[in-house]
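> Let me see the structure of the following:
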Amino acid sequence: MGGCCATDYRRMFSRRSAESDARRYRRRGLTGTAREVVALAGDVRGASVLDVGGGVGAIGLELLTEGADHATNVELSSGYEDAAATLAAECGVAGRVELRIGDLVEDRESIASHDVVIMHRVVCCYPDADALVGAAADLTRRRLVLTYPQERAWLRLGLGGANAFLRLRRCGFRVHLHPVATIVGAAERRGLRLERRVASGLLWESAALSR
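Numbers count the residues shown, from 1 in each chain. Here you go, the predicted structure:
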């Protein structure tokens with residue numbers, strides 16, 4: 001992601017957003033598609049988990065509770081780092097959580113492979129789905145789980161309106177409705193096999209792919 005786009009991303013996903021997400025997790029735990037992602041991750045006992053764009057790290061924390069050994073959270077926005085560190089400490093797993101600030105595509109060579117890779121509502125925030133999903137698939141030893149917007153005409157119109165509003169505000173951040181074939185194909189070309197796709201309401205869809 002280019003420098004200007006990354007800056008706009010950090011404006012959208014700020015420290016204030018992180019604090020709000022952390023409070024919500026403390027009150028309610030995981031909800032909606034995040035719970036679906038944990039279910040699709042399957043048996044994670046003893047596994048290493050890479051959560052791409054993991055925000056405050058809530059999914060990683062849940063997978064540690066499910067038996068995962070270690071979780072790495074790679075987040076483009078530095079605004080989430082303090083809230084994520086605080087939550088990990090509160091859950092007593094700070095020593096099993098690694099927090100990294102960076103772009104997975106640009107930093108792929110410096111990130112180790114993990115058993116399970118998670119991308120929850122992340123692909124729609126990145127302009128190049130093939131590069132992002134491809135990088136995640138390259139780092140997946142066993143299972144990749146993603147959540148992305150469904151391909152619906154009304155949703156494409158809605159996102160177009162949202163992006164027009166962002167343009168008026170002179171914000172370079174955009175929401176992308178990437179074709180599912182592009183998302184899944186990027187992982188399959190790296191040796192992963194689609195196992196399951198699950199629609200969640202009218203907006204989101206989750207997919208699990210395994211090596």
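> Tell me which stretches of this protein form helices.
3-12, 15-28, 32-41, 58-65, 81-90, 104-107, 129-138, 153-168, 180-188 (DSSP state H).
> Next, the angle helix 153-168 makes with the lengthiest strand in the chain.
In the chain, ranked by residue count with DSSP state E as the criterion, the top strand is strand 140-149. Computed by axes from the mean of the first three to the mean of the last three CA atoms, to 10 degrees, the angle separating strand 140-149 from helix 153-168 equals 90 degrees.
> got the helices of the chain as TSV, with mean pLDDT and distance to R197 columns?
Where C-beta positions appear, they are placed from N, C-alpha and C, glycine not excepted. Below are the helices of the chain laid out as TSV (pLDDT from 0 to 100; distance: least, CB to CB, whole Å):
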stretch	mean pLDDT	distance to R197
helix 3-12	66	27
helix 15-28	94	26
helix 32-41	96	10
helix 58-65	97	19
helix 81-90	96	29
helix 104-107	94	22
helix 129-138	97	14
helix 153-168	91	16
helix 180-188	97	8
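> Test my guess that D21 contacts A58.
Yes - contact criterion CB atoms under 8 Å: D21 and A58 qualify, at 7.3 Å.
> picking up where we left off before, the longest strand of the chain pairs with which strands?
Taking DSSP bridges as the criterion, strand 140-149 forms sheet pairs with strand 114-120 (parallel), strand 204-210 (antiparallel).
> Could you check how far G95 is from A89?
Per CB to CB, to the nearest Å, G95 is found 10 Å from A89.
> scratch that, N163 is what I was asking about
Distance, N163 to A89, by CB to CB: 37 Å.
> for V49, same thing?
In this view, V49 and A89 are 18 Å apart by CB to CB.
> The residue nearest to H178 when sequence neighbours are not counted and P149: what is the separation?
Spatial nearest neighbour of H178, excluding adjacent residues (CB to CB, 6 or more residues apart in numbering): A129 at 3.9 Å. In this view, A129 and P149 are 11 Å apart by CB to CB.
> likewise S48?
28 Å.
> again, but for E205
Using CB to CB, E205 is found at 7 Å from P149.
> sorry, back to before: so can I have CSV of the strands paired with strand 140-149 showing mean neighbour count and distance to G42?
CSV is the format used below for the strands paired with strand 140-149 (neighbours: other CB atoms under 10 Å; distance: least, CB to CB, whole Å):
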stretch, mean neighbour count, distance to G42
strand 114-120, 25, 8
strand 204-210, 20, 8
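> Can you get me the start-to-end distance on stretch 109-119?
Stretch 109-119 stretches 18 Å from its first residue to its last (CA to CA, to the nearest Å).
> can you check stretch 89-107 too?
Start-to-end span of stretch 89-107 (CA to CA) is 26 Å.
> likewise stretch 79-99?
12 Å.
> Can you tell me what sits against that stretch?
10, 13-19, 21-22, 25-26, 54-58, 60-61, 64-65, 69-73, 75, 101 (CB atoms under 8 Å, 6 or more residues apart in numbering).
> Good, wrapping up.
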